[in-house]
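J.: 3D, please:
(3 chains)
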Amino acid sequence: MFGLDKKDTSKLIIVACLALLAPFILNPFPTDSALAQFNAGYPDLMQRFVIFGIFAIGFNILFGLTGYLSFGHAAFLGVGSYSAVWMFKLIGMNVIPAIVLSVIVAGLFALLIGFVSLRRSGIYFSILTLAFAQMSFNLAYSVLTPITNGETGLQLTLEDPRILGVSATTDGSIPVTNLFGLEMRSTFEMAVGPWAFQFNAGYYLCALIMLAAFYLSIRIFRSPFGMMLRAVKSNQQRMNYTGLNTRPYTLAAFVISGMYAGLAGGLMASMDPLAGAERMQWTASGEVVLMTILGGAGTLIGPVLGAGFIKYFENIFSKINDNVLHTWFSFLPDGMEDAVVFIIHPFIGKGWHLTLGILFMLVVIFLPGGLVEGGQRIKGWLSRRKAKGSNTSGETNPAE
Amino acid sequence: MGILEVKDVGKRFGGLQALSNVNLSVQENSVHAIIGPNGAGKSTLLNCLVGKLIPDTGSVMFDGQSVLGRAPYEINQMGISRVFQTPEIFGDLTVLENMMIPCFAKRDGAFELNALSSVLRQKDILQKAEHMLEEMNMADKRHMHAAAMSRGDKRRLEIGMCLSQEPRLLLLDEPTAGMARADTNNTIDLLKQISDERDITIAIIEHDMHVVFSLANRITVLAQGTPLVEDDPQNIRGNPKVREAYLGESA
Amino acid sequence: MDAILLQILNGLDKGSAYALIALGLTLIFGTLGVVNFAHGALFMIGAFCAVTLQRILNLSFELVDETQKDFLGNPLKVKTPYVEAWFGPDIGGSIIDWAVPLAILFAIPIMIGVGYVMERGLIKHFYKRPHADQILVTFGLAIVLQEVVKYFYGANPIQTPAPDALNGVVNLGAAIGMDIVYPVWRVVYFFFAVLIIGGIFSFLQFTTFGMVVRAGMADRETVGLLGINIDRRFTIMFGIAAAVAGLAGVMYTPINSPNYHMGMDFLVLSFVVVVVGGMGSLPGAVLAGFLLGVLESFASMNEVKSLLPGIDQIIIYVVAIIILLTRPRGLMGRKGVMEE
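T.: Sure thing, here's the model as predicted:
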């Protein structure tokens, strides 16, 4: 289907089901139950899942295929956000022009940075991209304030021209982002017994775009171009002596992944029309690296999983506080309860970054292939056990 | 006029004159060996031919065109393929994919943004790669990771990859270095077969006299960065100057 | 003219910090072949050693002094640091006043310990892994260290003043008839940096240990073949690099009140310094550190800024990019070091 083989089609269908049914899947607990805090079916959070999914899918095209580790991809996300907000200010509140512009601008920016950075490889490349991103971040905070609005961040105002729309609605407020009139914030709530499921227009737009982005990445992975990128990672010397010019290949991959980041930034601004320089900071670049390797760099589905995993736990961990912990561990004797809460305390609430850092280290140390590899190991282990149990000496399929 | 003409090439590294006044003419469809003791400048010369180094003086013409100042991939696209001393292949890719990449390079040139069509739809490429694998006797390994193969197989794969580009000149850098006798003999047979069956010129840098005298029909002896003599194998064997400079010392 | 000299001096103290961090980074690059993204965190830990010592010295007990009344008429509670109680108010007071320089002694064993644990516990296992993995794992470690410090010390910068005697300004230009007023502590910092750099270089130049390390930087395998226990020496080298970064941090606290993310801020710049100086080149790291520090300070002159607005924010990156494109190995890089 869609020019994909059976395995890839099923991956696409799985991701499509997950994305489209997310309001159900992520809301397994009734609204009033104690476990409702683990629900993630809110428009705002679901939007973040798929938007960061797009970001990570794009990053994976560069890092997963070519092995070039960019530490500056957040810059493209930031540039995308700024472009989108400017479209809302100047043209109108329709998200399509904003998204298109953010992809184009991020692509051009990536072309410029990639052209310079890709003249070097390995750690030099990582440091160059890091330097560029940090430079953009500094510029956004200082000289470029007329464009970026510095520390405050770029926001919509009632004075914006919006030549194809209105500066202010009839009741005097700033208009909201929409897709040909369909407001991005409009949410349909469906109550089924004790459950309340929310269907948000903005989320579904993001999810559909994410599916398109995912489909495109499968096509790229399976194309001759994708094979060339893997060859770049494997042996550049052989590439050169096989008559292939590696630079345009890596540059194309860099620009494509920059455009994905721009798309993510544009969508972010479309859901919530503001943009700040902190989106370009290098810790933000580090986060997308983590999502990609946590899921499994170089695998198709890994980055989507990684992005979902991190954004979900970020949300949960930030919500938990000491009171919640005390109710959880109230079954323990008092002293022990306090001790357990004391130990867990640094990792929750504002301590999410600490958890993230530890997770980062654990994944790189023990599971360099990410969740996908972990899943395959478990699968392999189960099938070996099964083979043993049914007493067949037949060969087990090697994990892909 | 040979297919490869090297004229007055010199190359200096700091205080070391690695090559001086190298003149060499490789005739079309011949097997031309370049031999010499360690440090004679063989590898430097080879690197000057493929674009890795640019000589300080002189010219290198391939088929009437200068190769100097061109990048390795451009020289390869002109029709020169190189086999490395330790096999350089795409270890993370399967054997079949390894074979497909040079086929793409031959068909599409140095760069082609073919990002949306599936590899599996490239019937012509697949066919050509499969055909070459059969010719190299490694069709049964097509789905293996190339890095997992034995050294001898890697060498065969690398040679096959070069041949699938249909080069006019095949450059080999000590292709049997570090190989067991059996593997060496297999490689000799393979190269013999290639030069007999194909319209191809082979230039080979080699240390192993057994390999040289079984394959070459023209030999250049390099000593201290400059060619000592260029002649047919039987004359080289009897040449006292060569014996003194090279064979005598190793015999 | 005075202004230019002053800018050079202003650049030197920042440059000293860059040089010290970059020196450790490149030492680790060169010897262990590891890209350490957590090196900035070592600088930060050093700075917090000074904060910690200051707090320890200020530990006080409270006494109610009946003879004094506060403004409500209640007996005044007087806090007395233990140090003052033990050594008397004069000596105790000056010990507290000299907390930052004293922290050097306090920081050395701590930093060597941190470095040792880091190398043996984590980095050692990454020698044979790809550079990308090294970058990623040390990046994770840097986040962890910075968050731990944030947990214990909070997110706000903590003031750690220099001793009163070194807190003023000095007119450096008086001798040559010019007017260059400059904070004393920055002069101290510069000479401190020069001392450490000199110490490291002579250590590497004149001791057998240093000779082996230099040989190891040039060609690790060959030295390994000689049967010299290079790994153990490299562990010690890592400890030394950690101590250098830590001391740079200790002494920097009066110039810039330490906060938990200062390590990351300095790390990015120090990496740029290392790349500009040439990967694996110690003199290159020092030269580039001072060079970039001075350039940055020139770029922040009002005359320059009015000509090229924002140049002070990006000068270092621009220079780095130009250098990398024209001299890929950096100012003093050697062929073959970290080429891949």
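
J.: indicate the residue of the stretch 251-400 of chain A located nearest to chain B.
T.: residue A:252 (5.8 Å; C-beta to the nearest C-beta). Placement of C-beta: from N, CA and C, glycine included.

J.: list the contacts for that residue?
T.: A:225, B:113, B:115 (C-beta atoms under 8 Å, 6 or more residues apart in numbering or on different chains).

J.: give me the pLDDT for it.
T.: According to the per-residue confidence, residue A:252 scores 97 in pLDDT.

J.: how about it, phi and psi?
T.: Main-chain dihedrals, residue A:252, degrees, to the nearest 10: phi -60, psi -40.

J.: any idea how far it is from chain C?
T.: Distance of residue A:252 to chain C, computed by C-beta to the nearest C-beta, to the nearest Å: 20 Å.

J.: secondary structure class for the residue sitting nearest the centre point of chain B?
T.: Centroid-nearest residue in chain B, with C-alpha atoms, centre = their mean: residue B:171, separated by 1.8 Å. Assigned with DSSP: H, G, I helix; E, B strand; the rest coil, residue B:171 falls in the strand class.

J.: any idea how far it lies from chain A?
T.: Residue B:171 is 9 Å from chain A, where distance means C-beta to the nearest C-beta.

J.: and the residue nearest to that residue when sequence neighbours are not counted, what element?
T.: Sequence neighbours aside, residue B:82 is the residue nearest to residue B:171 in space, at 4.7 Å (criterion: C-beta to C-beta, 6 or more residues apart in numbering or on different chains). Assessed by DSSP states H and E, residue B:82 sits inside strand B:80-83.

J.: show the average pLDDT along that strand.
T.: 94.

J.: who are the packing partners of that strand?
T.: helix B:42-50, helix B:151-163, strand B:169-173 (3 or more C-beta pairs under 8 Å, 6 or more residues apart in numbering or on different chains; DSSP states H and E).

J.: could you pull up the residues touching residue 88?
T.: Using chain A. By C-beta under 8 Å, 6+ apart, the neighbours of residue A:88 are A:98, A:156, A:160, A:162, A:177, A:269, A:273.

J.: contacts only, for the residue nearest the centre of chain A.
T.: Nearest residue to the geometric centre of chain A (C-alpha atoms, centre = their mean): residue A:52, 1.8 Å. Contacts here follow C-beta under 8 Å, 6+ apart; on that basis residue A:52 touches A:264, A:288, A:291, A:307, A:310, A:311.

J.: right, and the last one touches residue A:50 too?
T.: No. Contact status for residue A:311 versus residue A:50: not in contact, 9.5 Å apart, counting by C-beta atoms under 8 Å.

J.: who has more neighbours, the two?
T.: residue A:50 (29 against 22; other C-beta atoms under 10 Å in any protein chain shown).

J.: list the buried residues for the strand or helix carrying that one?
T.: Residue A:50 belongs to helix A:43-66 when assigned by DSSP H and E. Within helix A:43-66, the residues that count as buried by 16 or more other C-beta atoms under 10 Å in any protein chain shown are A:43, A:45-66.

J.: also stretch A:11-18?
T.: The neighbour-count check on stretch A:11-18 (16+ other C-beta under 10 Å) flags A:11, A:12, A:15, A:16, A:18 as buried.

J.: count of neighbours near residue C:236?
T.: Per other C-beta under 10 Å, the neighbour tally for residue C:236 reads 16.

J.: check residue A:256 too.
T.: Neighbour count for residue A:256, taken as other C-beta under 10 Å: 22.

J.: what sits closest to it if chain neighbours are left out?
T.: In space, and not counting its chain neighbours, residue A:256 is closest to residue A:61: 5.6 Å by C-beta to C-beta, 6+ apart.

J.: and the residue of chain B found nearest chain C, what are its bridge partners?
T.: Residue of chain B nearest chain C, by C-beta to the nearest C-beta: residue B:13 (10.6 Å). Residues in a beta bridge with residue B:13, per DSSP bridges, are residue B:16.

J.: please report phi then psi for the residue lying farthest from the centre of chain C.
T.: What lies farthest from the middle of chain C is residue C:73; by C-alpha atoms, centre = their mean that is 48.5 Å. Main-chain torsions, residue C:73, degrees, to the nearest 10: phi 90, psi 0.

J.: cool, and residue A:4?
T.: Residue A:4 has phi and psi values of phi -110, psi 160 when expressed as degrees, to the nearest 10.

J.: count the residues that sit near it.
T.: When counting by other C-beta under 10 Å, one arrives at 16 neighbours for residue A:4.

J.: next one: residue C:306
T.: 8.

J.: again with residue A:238
T.: The burial count assigned to residue A:238 is 23, neighbours taken as other C-beta under 10 Å.

J.: that one in helix, strand or coil?
T.: Assignment for residue A:238 (three-state DSSP): helix.

J.: could you do residue A:143 as well?
T.: Assignment for residue A:143 (three-state DSSP): coil.

J.: with adjacent residues omitted, what lies nearest to it?
T.: Once flanking residues are discounted, residue A:143 sits nearest to residue C:310: 2.9 Å by C-beta to C-beta, 6+ apart.

J.: picking that back up, just the contacts of residue A:52 that are near chain B?
T.: Among the contacts of residue A:52, not one lies near chain B by C-beta under 8 Å from any C-beta of the partner chain.

J.: tell me which two of these sit farthest apart.
T.: Based on C-beta to C-beta, the longest span within these runs between A:264 and A:310 and measures 14.2 Å.

J.: point to the residue nearest the middle of chain C.
T.: Chain C, centroid-nearest residue using C-alpha atoms, centre = their mean: residue C:248 at 2.9 Å.

J.: contacting residues for the residue of the stretch 201-340 of chain C found nearest chain A?
T.: Proximity of the stretch 201-340 of chain C to chain A (C-beta to the nearest C-beta) peaks at residue C:310, 2.9 Å away. Each residue near residue C:310 by C-beta under 8 Å, 6+ apart is listed here: A:139, A:142, A:143, A:144.

J.: one more time with 10 Å, if that's ok
T.: By C-beta atoms under 10 Å, 6 or more residues apart in numbering or on different chains, the contact list for residue C:310 reads A:138, A:139, A:141, A:142, A:143, A:144, A:145, C:299.

J.: tell me the one of those residues nearest residue C:113?
T.: Among the contacts of residue C:310, residue A:138 lies closest to residue C:113 (C-beta to C-beta), at 35.2 Å.

J.: nearest residue to the closest one in space, please, no chain neighbours.
T.: residue C:313 (4.0 Å).

J.: ok, the one you found touching residue A:150?
T.: No. Between residue C:313 and residue A:150 there is no contact under C-beta atoms under 10 Å: 11.9 Å.

J.: which one of these two is surrounded by more residues?
T.: Neighbour count, other C-beta under 10 Å: between residue C:313 and residue A:150, residue C:313 has more, with 22 against 16.

J.: so what's that one up against?
T.: Going by C-beta under 10 Å, 6+ apart, residue C:313 touches A:134-135, A:137-144, C:296, C:299-300, C:305.

J.: hang on, it in a helix?
T.: Yes. Residue C:313: assigned to a helix according to three-state DSSP.

J.: out of the helices and strands packed on strand B:80-83, which is closest to residue A:28?
T.: helix B:151-163 (51.6 Å).

J.: how about that closest one: buried residues?
T.: Of the residues in helix B:151-163, B:152, B:153, B:154, B:155, B:156, B:157, B:158, B:159, B:160, B:161, B:162, B:163 count as buried by neighbour count, 16+ other C-beta under 10 Å.

J.: what pLDDT does the second one get?
T.: Reported pLDDT at residue B:153 in the predicted model: 90.

J.: for the stretch 101-250 of chain A, which residues are neighbours of chain B?
T.: Counting by C-beta under 10 Å from any C-beta of the partner chain, the stretch 101-250 of chain A comes close to chain B at A:216, A:218-249.
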